[in-house]
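# kindly return the folded structure for what I paste below:
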Amino acid sequence: MELQKPTHVALLSSPGLGHLIPTIELGKRFVLNHNFKVTVLAVTSQTSRAETQILNSALTPSLCNVINIPSPDLTGLIHQNDRMLTRLCVMMRQALPTIKSILSEITPRPSALIVDIFGTEAIPIGRKLNIPNYVYVASQAWFLSLLVYSPILDEKIEGEYVDQKEALKIPGCNPVRPEDVVDQMLDRNDREYKEYLGVGKGIPQSDGILVNTWEELQRKDLEALREGGLLSEALNMNIPVYAVGPLVREPELETSSVTKSLLTWLDEQPSESVVYVSFGSGGTMSYEQMTELAWGLELSEWRFVWVVRAPMEGTADAAFFTTGSDGVDEVAKYLPEGFVSRTRKVGLLVPEWAQQVTILKHRSIGGFLSHCGWGSTLESVTNGIPLIAWPLYAEQRMNATLLAEELGLAVRTTVLPTKKVVRREEIARMVREVLQGDENVKSNGIRERVKEVQRSAVNALSEGGSSYVALSHVAKTIQG
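Okay, the predicted model is just below:
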């Protein structure tokens, strides 16, 4: 009797850890839960050490076949001032011939192509090859609602979104305050805005949408997006929407010498006594803000682990396409005089990048000062860690509002960090509020709420849970 060959699925990821990691984690779920064969087509930036580490990590090549597509030559196609989303869209567009060639030649022919939001221009390639197409949104459902509704907002609203007096209404969803719109909506004359609208128009052209959230966390937005929902009807979008998250990394099995020494230090600290500070793989801040953050951590009188990189003036995502190679000694020269020596016993500085999931799972971590990238957010809440929301770019302001105002999982700054400098006194106050466990924390219930959401996330992914069932339905549909 001939054994049935496993169903083959191709996943397409754009550059950046926020896209690559969720794509690989989705692929692993198809392999482990449904015995699929998975090929990941990873368009990489060729400048990120972290990308290389993820692609070469122990579990990735053993579970998923990874085809690395080096970044195409963008000479003459982008300008020096073009922002991140423009670069990503142009990069993915230029990679289309390579993507088409791979999809045509790999065997067995994939039964489905699942692209991230920057890969929607590959959907026609899938159609020509008779391959069903899905879009995997590695962020949350409220952001997806704004993204797919933006082409209609573009027709309805005159002037800049940030100048509007009222919140932007999305059928069936919470409105979006003008100050919370994604970066790409800040300047309607910028090339990036046109690329963003193209992404919003491309997603409904797929055969279905997978979202890295779960039913119990964002039921309202998910129902609005689905057939019969107010947003779906406004868009005439009658395709299934599956909540399949939270898909997050497992801790690395092998740890670097830096991580091993860090974990040894964490082992010596009391439970939930350390704030972890990291702004993702691309987040940067000014010299003035870096100084205030250092003073704020010191003034809080709480322990900290800070993933630190040299300050960069300009856009908050300035490090997105850079390699990053500064050591602690190099970065320390930007910190207040004597800071390193004064905080030596209570704080650790980690240069550029850290094994974040391993750190967040440690019992001594009690809070996460985060840029609110959705991947980092999920890694935090699935470990029961409350957040200090410090949004920098992309959809992070929406994430911060969702976390602090709707879900009650975070405290946030009174000023937007991209608009004004957050002062040391406020930083110290937020750290104390999250870590202290005194009457302030009890009154806002943040730690208790985060533990509830953690349990909800575990249940969603467990056999019979909402996300497990949703991904099983996707798998059955792909198998035909």
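
# and the top helix by length along the chain, what does it pack onto?
The residue-count maximum for a helix in the chain (DSSP state H) belongs to helix 17-34. Applying 3 or more C-beta pairs under 8 Å, 6 or more residues apart in numbering; DSSP states H and E, we find helix 17-34 packed against strand 8-13, strand 37-44, helix 49-56, helix 59-63, strand 112-116, strand 133-137, helix 374-381, helix 466-479. Every C-beta, even on glycine, is put in place using the N, C-alpha and C of the backbone.

# CA atoms of that helix as CSV?
Backbone C-alpha positions of helix 17-34 (Å, rounded to 0.1, in the frame of the first residue of the first chain) are rendered in CSV as follows:
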residue,chain,number,x,y,z
LEU,A,17,12.2,39.5,12.6
GLY,A,18,8.6,40.6,13.1
HIS,A,19,7.7,38.9,9.9
LEU,A,20,10.1,36.0,9.7
ILE,A,21,9.6,34.6,13.3
PRO,A,22,5.8,34.4,13.1
THR,A,23,6.0,32.8,9.6
ILE,A,24,8.4,30.1,10.8
GLU,A,25,6.2,29.5,13.9
LEU,A,26,3.1,29.1,11.7
GLY,A,27,5.1,26.6,9.6
LYS,A,28,6.1,24.6,12.6
ARG,A,29,2.4,24.3,13.7
PHE,A,30,1.5,22.9,10.3
VAL,A,31,4.4,20.3,10.6
LEU,A,32,3.9,19.3,14.2
ASN,A,33,0.0,19.3,14.4
HIS,A,34,-0.9,18.3,10.9
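
# rewinding a little: the helices and strands packed on helix 17-34: lowest mean pLDDT?
For the helices and strands packed on helix 17-34, mean pLDDT drops lowest on helix 49-56, to a mean of 67.

# which element, helix or strand, includes residue 110?
If you go by DSSP states H and E, residue 110 is not part of any helix or strand.

# give the contact list for it.
8-10, 39, 103, 131 (C-beta atoms under 8 Å, 6 or more residues apart in numbering).

# skipping adjacent residues, who's closest to it in space?
Nearest non-adjacent residue to residue 110, counting by C-beta to C-beta, 6 or more residues apart in numbering: residue 10, 4.0 Å away.

# rewinding a little: same list (the contacts of residue 110) but as CSV, adding distance to residue 242 and neighbour count.
Output for the contacts of residue 110, formatted as CSV (distance: C-beta to C-beta, whole Å; neighbours: other C-beta atoms under 10 Å):
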residue, distance to residue 242, neighbour count
8, 20, 19
9, 14, 27
10, 18, 26
39, 21, 19
103, 22, 21
131, 18, 19
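
# about what we covered before: now tabulate the helices and strands packed on helix 17-34 in CSV and tack on distance to residue 308.
Output for the helices and strands packed on helix 17-34, formatted as CSV (distance: least, C-beta to C-beta, whole Å):
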stretch, distance to residue 308
strand 8-13, 27
strand 37-44, 25
helix 49-56, 15
helix 59-63, 27
strand 112-116, 29
strand 133-137, 31
helix 374-381, 16
helix 466-479, 35
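
# closest one to residue 447 among the ones you listed?
Taking C-beta to C-beta, helix 374-381 is the member of those nearest to residue 447, at 11.6 Å.
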